[in-house]
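> Let's see this in three dimensions:
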Amino acid sequence: LISSATKSLRMETEILEKKLQDAQMKLAEKDGDKEKEIQGLKRLISELEFQLTMEKNNNESFLGKLRKEIQHKSDELEKLTQERTQLIHSLSRIQEENSLLQDTVRRECEERQGLTAALSRAREQVLELRRLSGTFP
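Numbers count the residues shown, from 1 in each chain. Model prediction:
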């Protein structure tokens, strides 16, 4: 009975040991698979971090170019604003000169009309004097 029980326990022990070995092998395979997966994920993370760094650098470079372009456009706008202000001042001065010249031309025309009228009167008087002097020697 003891021998039979011992034999039975040995067989059961062998079966359990074999199951343990199988479980350990499966566990080792799963650990290997998980290690491969971890390594793959680490590689993927490294690649994504590199891409992120490259994108950040590209964005910073792009932003730098945009800042320079904005500064250039701002400088151009400032220059154009100054030119516009100068043109407005010039236009105002020219309009004042034009107004002054128009006023001068208007006065000279009035003066000319006055002189023309005086000349016409003087001619009439001369003609009248000639006519009168022709009748009185």
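
> and the helix or strand harbouring F62, how far from the chain's centre?
Using DSSP states H and E, F62 maps to helix 2-135. In terms of Cα atoms, centre = their mean, to the nearest Å, the centre of helix 2-135 is found 1 Å from the chain centre.

> The chain should start at 16 in everything you say after this.
Sure thing, new numbering starts at 16, so read that last one as helix 17-150.

> and A133, how far is that from R127?
Separation of A133 from R127 (Cβ to Cβ, to the nearest Å) stands at 11 Å. The way it works is simple: take the backbone N, C-alpha and C, and place the C-beta from them, glycine included.

> Got the confidence number for R146?
pLDDT, R146: 86.

> Burial check on it, number of neighbours?
A count of nearby residues for R146, using other Cβ atoms under 10 Å, gives 9.

> just R145 next, same as before
The local packing of R145 (other Cβ under 10 Å) involves 9 other residues.

> From R136, how far out is it?
Per Cβ to Cβ, R145 is found 15 Å from R136.

> shaky segments in this protein?
Within the chain, the ranges that satisfy pLDDT under 70 run 150-152.

> ok now do the residue nearest the centre of the chain, which residues does it touch?
The geometric centre of the chain, computed from its C-alpha atoms, lies nearest to I85 (Cα atoms, centre = their mean), at 5.6 Å. With contact set as Cβ atoms under 8 Å, 6 or more residues apart in numbering, I85 has no partners.
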